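>>> Quick one: sequence and predicted model below, then my questions.
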Amino acid sequence: QVQLVESGGGLVQPGGSLKLSCAASGFTFSLYAMKWYRQAPGKERELVARISNGGGNIHYSDSVKGRFTISRDNGKNALYLQMNSLKPEDAAVYFCNANYIYRDYWGQGTQVTVSS
């Protein structure tokens, strides 16, 4: 059974940091490109960052570049998103996504709230 389970969300003050994790199981994690998406209320889901299956190719959206870092540990079947210098506009539900050819899997999301 394929599972992607996000964790690490919560309430943080502006300027603070959070580290999200995504635990993967039920598929060959090392074959899959991985992505973090986010969706704020009333807005479309947007791509935040992606990382290739081997970790050598990384891309960030302009809105998070320089503040967020995506990484993965294929030995642990885990994906991470280190988020620094958080802004109120970063508040959203964050989802991890696994993609390989025509296979596409999603987690249930973790809430990030940025507020003083």
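Nice, thanks for sending it over.
>>> contacts, neighbours, all on C-alpha from now
Will do.
>>> residue nearest the centroid of this protein?
With distances taken as CA atoms, centre = their mean, the residue of the chain nearest its centroid is Trp36 (3.0 Å).
>>> Not including adjacent chain positions, what is the nearest residue to that one?
Nearest non-adjacent residue to Trp36, counting by CA to CA, 6 or more residues apart in numbering: Cys96, 4.6 Å away.
>>> so what's Ile58 up against?
Ala49, Arg50, Ile51, Ser52, Ile70 (CA atoms under 8 Å, 6 or more residues apart in numbering).
>>> For Gly10, state which of those is nearest.
Checking the contacts of Ile58 against Gly10 with CA to CA, the nearest one is Ile70 at 18.1 Å.
>>> Count the neighbours of that closest one for me.
Applying other CA atoms under 10 Å, we find 23 residues neighbouring Ile70.
>>> and it, what are its bridge partners?
Beta-bridge partners for Ile70, by DSSP bridges, are Leu81.
>>> who touches it in this structure?
Ala49, Arg50, Ile51, Ile58, Leu79, Tyr80, Leu81, Gln82.
>>> circling back: pretty sure the residue nearest to Trp36 belongs to a helix, no?
No - looking at Cys96 with DSSP: H, G, I helix; E, B strand; the rest coil, it is strand, so not inside a helix.
>>> pretty sure it is touching Trp106, no?
Yes - with contact defined as CA atoms under 8 Å, Cys96 reaches Trp106; the gap is 6.0 Å.
>>> Please enumerate the shared neighbours of those two.
Leu4.
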